[in-house]
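A.B. asks: Let me see the structure of the following:
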Amino acid sequence: MRLAELEPAAPDRIDLGSKRLLIFIVAYNAETTIEKVLNRIPQSLAAAGDVEILIIDDFSRDDTFVSGLRYQQRDSVFKITVLRTPENQGYGGNQKLGYRYAIDHGFDIVALVHGDGQYAPEELPKLLGPLVRNEAEAVFGSRMIDKKGARQGGMPLYKWIGNQVLTAFQNRVLGTRLSEFHTGYRLYSTAALAKVPFEKNTNDFHFDTEIIIQFVLGKLHIAELPIPTFYGDEVCHVNGMKYAWDVFKSTVKARLCGIHLFYDRKFDVNPGPGSHSDKLSFSSSQTFAVESCAAGQNVLQLGIGHGNVAAALEGRGCRVNVIDFAANELAENSNAIHSAASPSLPTNLPAYEQILLMDLIEHLHDPETFMDALRRETAGRRPEVIITSANVAFFVTRIMLALGQFNYSRKGILGIGHRRLFTFKSLRALLEQAGYEVLEARGVPAPFPLAIGTNIWSKVLLKVNELLLKISPGLFAYQVCIRARALPDARHLLKETISGSAKLRSELLGRVA
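C.D. replies: So this is what the prediction gives:
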């Protein structure tokens, strides 16, 4: 996503072309200001195209709704719709209604205007420019591009400082460069709004923060334009300390969702493909799998999105057959791809010397039956089986559980696609009971480079995690990696015993003769 500060367009006129515009006014106890705000909307917009004004009175305790209706009855160049909620929805809840109205009624652009007059309606033609020209999917009127102007416009010092501190924190955490996260003057493409789950956001004032986060995560383009700051005698309904704390929590939660330590559906905006990230550049389950396979072997790789591992093995001269269970929905006519819920196995299983189960076993409904079938179908050939799985006993998960949190995420230890959870002991027990001899069990550190980037901090954290693994693998391993050998079942072992005994008998009788 690219955040931009654009040059203002012509301040008083704009041609909307074929786009439909909804000017959405959120109002609460705005009886004395709503008509002034309506009078300040540039009449030139009426000639610019298809424009409607929507006023939603959020169950005000005064006559805001009556004032809106009174203005509606006058001769106006705009079509005006006035609504009143049956009960107070809150600032965020009111916005949800307006955006849903804009989407459902086929508008292309929705411009949010406050009924208290704090944000100048005269700026609308300028702010519309990037959306009309398809240069952005959201435009924010920023008071902090000109910080001195914000103070001169009457912004209280504590708000001026708080705005900059919160914005700097949010930019740092989210990797953005907005001049202001906390402006209420916003214009959106309704097509972009339809892409984000804004109705899952809070009904409180930090709705504005959550929708920005959704646009950032969805890689939707936000543009900023300077607007004048005006603070009059309007009543502020925001509890500053509560608002700051709510903004902090939402921002941190979104970041935790990004590194898969937390899951919140409203921030699951851009889940992307189901493949796993490349972890071959540092100690990981992928490096364990590659190191465990001898050069030149016949390898069967069963898993979910580890194409980079197959490529690395082929580079070592291995012959690799990959069955990606996550790809079954992408390939319409492939007989080699099966459902991870009840996967079938290739008929030539005895031909493989090593079998990789890459982050697969935790996705299975019945891993015990699957491992039994895998052992049985190897026909007593004793292939090595390399298994990687998330360690649910990882110390971060334990801490979260101690705090009452057991949060599934898009990826990670508590991935939402995981059906079974394992520790070292439980995975070892499953294998041994299914007839496998465990040859090696190793823990690997958390993928810090994926979470915070490849830098000095991620390198240090990897080293620390590796040292802690030597103390307690069960506590500090992010993933469990096991190298095991499939032992022949009784039927195949009996067959080997009979044929081996016959051969030995022949040799002994030959010596006697």
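A.B. asks: Please enumerate the strands of the stretch 151-300 of the chain.
C.D. replies: Secondary structure of the stretch 151-300 of the chain (DSSP state E, counting those that start in this stretch): strands located at 186-189, 222-226, 298-303.
A.B. asks: Comparing those strands, which comes out most buried?
C.D. replies: strand 186-189 (a mean of 24; mean count of other Cβ atoms under 10 Å). C-betas here are computed from N, CA, C, even on glycine.
A.B. asks: about what we covered before: can I get the strands of the stretch 151-300 of the chain in CSV including distance to Asp146 and mean pLDDT?
C.D. replies: Listed next are the strands of the stretch 151-300 of the chain as CSV, based on distance: least, Cβ to Cβ, whole Å; pLDDT from 0 to 100:
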stretch, distance to Asp146, mean pLDDT
strand 186-189, 18, 98
strand 222-226, 6, 97
strand 298-303, 54, 92
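A.B. asks: I'd like those as JSON lines, with distance to Pro447 appended.
C.D. replies: Compiled in JSON lines, the strands of the stretch 151-300 of the chain are given as follows (distance: least, Cβ to Cβ, whole Å):
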{"stretch": "strand 186-189", "distance to Pro447": "35"}
{"stretch": "strand 222-226", "distance to Pro447": "29"}
{"stretch": "strand 298-303", "distance to Pro447": "16"}
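A.B. asks: and of those, who's closest to Trp457?
C.D. replies: Trp457 lies closest to strand 222-226 among those, at 28.1 Å (Cβ to Cβ).
A.B. asks: Contact partners for the residue at minimal distance from the centre of the chain?
C.D. replies: Computing the C-alpha centroid of the chain and ranking residues by Cα atoms, centre = their mean puts Asp268 first, at 3.9 Å. Contacts for Asp268 (Cβ atoms under 8 Å, 6 or more residues apart in numbering) come out as 197, 257, 410.
A.B. asks: closest to Arg172 among these?
C.D. replies: Cys257 (16.7 Å).
A.B. asks: That closest one: neighbour count?
C.D. replies: By the criterion of other Cβ atoms under 10 Å, Cys257 has 22 neighbours.
A.B. asks: Distance check, the residue lying closest to it once chain neighbours are set aside against Asn203.
C.D. replies: In this structure, Cys257 finds its nearest non-sequential neighbour in Phe267, 4.5 Å apart by Cβ to Cβ, 6 or more residues apart in numbering. Distance, Phe267 to Asn203, by Cβ to Cβ, to the nearest Å: 17 Å.
A.B. asks: cool, and Gly474?
C.D. replies: Relative to Asn203, and taking Cβ to Cβ, Gly474 is found at 43 Å.
A.B. asks: coming back round to it: tell me which of the strands of the stretch 151-300 of the chain lies nearest to Gln95.
C.D. replies: strand 186-189 (9.1 Å).
A.B. asks: how far is the closest one from where the chain is centred?
C.D. replies: 22 Å (Cα atoms, centre = their mean, to the nearest Å).
A.B. asks: Stretch 406-420 too?
C.D. replies: For stretch 406-420, the distance to the chain centre is 13 Å (Cα atoms, centre = their mean).
A.B. asks: quick one: contacts of it?
C.D. replies: For stretch 406-420, the surrounding residues in contact (Cβ under 8 Å, 6+ apart) are 257, 259-263, 268, 271, 276, 361-365, 367, 390-392, 394, 396-397, 400, 421, 478.
A.B. asks: Mind checking which of these are buried?
C.D. replies: 257, 259-263, 268, 276, 361-364, 367, 390-392, 394, 397, 400, 421, 478 (16 or more other Cβ atoms under 10 Å).
A.B. asks: Could you pull out the buried residues of stretch 312-321?
C.D. replies: Buried-residue list, stretch 312-321, by 16+ other Cβ under 10 Å: 312-313, 318, 320-321.
A.B. asks: Over to stretch 438-455?
C.D. replies: Within stretch 438-455, the residues that qualify as buried are 438, 441-451, counting by 16+ other Cβ under 10 Å.
A.B. asks: Let me see the mean pLDDT of that stretch.
C.D. replies: Across stretch 438-455, the average pLDDT comes to 93.
A.B. asks: again, but for stretch 38-45
C.D. replies: Mean predicted lDDT for stretch 38-45 stands at 95.
A.B. asks: end to end, how far does that stretch reach?
C.D. replies: 13 Å (Cα to Cα, to the nearest Å).
A.B. asks: quick one: that stretch to chain centroid distance?
C.D. replies: Distance, stretch centre to chain centre, for stretch 38-45: 40 Å (Cα atoms, centre = their mean).
A.B. asks: what does it contact?
C.D. replies: Stretch 38-45 is contacted from outside by 12-14, 21, 23, 25, 51, 53, 71, 76-78, 80, 113, 117, 120-122, 124-125, using Cβ under 8 Å, 6+ apart.
A.B. asks: So which of those belong to strands?
C.D. replies: 21, 23, 25, 51, 53, 80, 113 (DSSP state E).
A.B. asks: Output the residues you listed in CSV; the columns should cover pLDDT, distance to Leu493 and neighbour count.
C.D. replies: Formatted as CSV, the ones in strands among the contacts of stretch 38-45 follow (pLDDT from 0 to 100; distance: Cβ to Cβ, whole Å; neighbours: other Cβ atoms under 10 Å):
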residue, pLDDT, distance to Leu493, neighbour count
Leu21, 98, 77, 25
Ile23, 98, 79, 24
Ile25, 98, 80, 26
Val51, 97, 82, 22
Ile53, 97, 82, 24
Ile80, 96, 85, 18
Val113, 97, 79, 28
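A.B. asks: if we can go back for a sec, which member of the contacts of Asp268 is positioned nearest Phe230?
C.D. replies: Nearest to Phe230 among the contacts of Asp268, counting by Cβ to Cβ, is Pro197 at 32.9 Å.
A.B. asks: Right, I'll leave it there.
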